[in-house]
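Novice: Dropping the sequence and predicted coords here.
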Amino acid sequence: ETGVTQSPTHLIKTRGQQVTLRCSSQSGHNTVSWYQQALGQGPQFIFQYYREEENGRGNFPPRFSGLQFPNYSSELNVNALELDDSALYLCASSLTGMNTEAFFGQGTRLTVV
Amino acid sequence: RKEVEQDPGPFNVPEGATVAFNCTYSNSASQSFFWYRQDCRKEPKLLMSVYSSGNEDGRFTAQLNRASQYISLLIRDSKLSDSATYLCVVNRGQGGKLIFGQGTELSVKP
């Protein structure tokens, strides 16, 4: 167990709806990153939060947004869901720094119908 | 072109075989390198970090060639439990901004 927990584990939404995914980071970790993993692909970096501020963003549209709270937990919000948003969403927590290990939660499997 | 590219899979090998995975990365500013393992429908887990000097952990050996921007993973004496997807990962910046390859699936058969 990594100590990183995500909720919910599975979710089904309708196209056009909004969704919020949650992540509790490992104790002591101040950095949270979110990734999207489509079937048969590697995880794609969405964005990272450090001390409640966005600290880098991947190639995702603005309808993907996030928050980090003072306890370092985080949320990923996706508005106007599209069918292609169906994927495994992974949260990873780490300490800031170049070679620190990122610990992943078990993921939230989102299906958009 | 993807920033991190891996050998296409799947690799189907018998138990006891030696298997090698290759990976190239395009951003010369990449700072740190890893191999992650992902079991079916589970989260990725760090297998090992990769250093220019090469590093070994039991049956696993990883190599990095910065000049060629090439990373490799060698698995000796494959076990059934090695069956998984192996992800080549590069860190371009601080913290956990990881860039993943698409992964190579390994299936070890009895």
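Specialist: Everything's here; your move.
Novice: give me the element the residue nearest the centre of chain A is part of.
Specialist: For chain A, residue A:34 is the residue whose C-alpha lies nearest the centre (CA atoms, centre = their mean; 3.1 Å). Using DSSP states H and E, residue A:34 sits in strand A:31-37.
Novice: now for that strand, which elements pack on it?
Specialist: Counting contacts by 3 or more CB pairs under 8 Å, 6 or more residues apart in numbering or on different chains; DSSP states H and E, strand A:31-37 packs against strand A:44-50, strand A:74-78, strand A:87-94, strand B:98-100. C-beta here means a position set from N, CA and C on the backbone, and glycine is covered the same way.
Novice: If we use 10 Å, what do you get?
Specialist: If you count contacts as 3 or more CB pairs under 10 Å, 6 or more residues apart in numbering or on different chains; DSSP states H and E, strand A:31-37 packs onto strand A:19-24, strand A:44-50, strand A:53-57, strand A:64-68, strand A:74-78, strand A:87-94, strand B:98-100.
Novice: Parallel or antiparallel, which strands does the last one pair with?
Specialist: Translated: strand B:98-100. Strand B:98-100 sits in its sheet next to strand B:84-91 (antiparallel), going by DSSP bridges.
Novice: Okay, angle between the partner strand and strand A:87-94 too, please.
Specialist: With axes from the mean of the first three to the mean of the last three CA atoms, to 10 degrees defining the directions, strand B:84-91 sits at 50 degrees from strand A:87-94.
Novice: How far off centre is strand B:84-91?
Specialist: 5 Å (CA atoms, centre = their mean, to the nearest Å).
Novice: how about it as CSV, C-alpha atoms only?
Specialist: Output in CSV follows, covering the C-alpha atoms of strand B:84-91 (Å, rounded to 0.1, in the frame of the first residue of the first chain):
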residue,chain,number,x,y,z
ALA,B,84,3.0,-7.1,-16.5
THR,B,85,3.4,-3.9,-18.5
TYR,B,86,6.7,-2.2,-18.2
LEU,B,87,6.7,1.6,-18.5
CYS,B,88,9.7,3.7,-19.4
VAL,B,89,9.5,7.0,-17.6
VAL,B,90,11.4,10.3,-17.8
ASN,B,91,11.3,13.3,-15.4
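Novice: Just want the angle from it to strand A:31-37.
Specialist: Relative orientation of strand B:84-91 versus strand A:31-37 (the same axes, to 10 degrees): 130 degrees.
Novice: And the residue lying closest to residue A:85 once chain neighbours are set aside, how far from chain B?
Specialist: The shortest distance from residue A:85 to any non-neighbouring residue, by CB to CB, 6 or more residues apart in numbering or on different chains, is to residue A:112 (5.1 Å). Per CB to the nearest CB, to the nearest Å, residue A:112 is found 18 Å from chain B.
Novice: so who does residue A:112 touch?
Specialist: A:11-17, A:19, A:78, A:81-87 (CB atoms under 10 Å, 6 or more residues apart in numbering or on different chains).
Novice: any weak-confidence spans in the chain?
Specialist: Unless you meant another one, I'm taking chain A. Applying pLDDT under 70 to chain A flags the ranges A:1-2, A:97-99.
Novice: nope, chain B
Specialist: B:93-96.
Novice: Which residues of it lie near chain A?
Specialist: For chain B, the residues found near chain A under the criterion CB under 10 Å from any CB of the partner chain are B:2, B:4, B:6, B:31-34, B:36, B:38, B:41-46, B:49, B:51, B:85, B:87-89, B:91-105.
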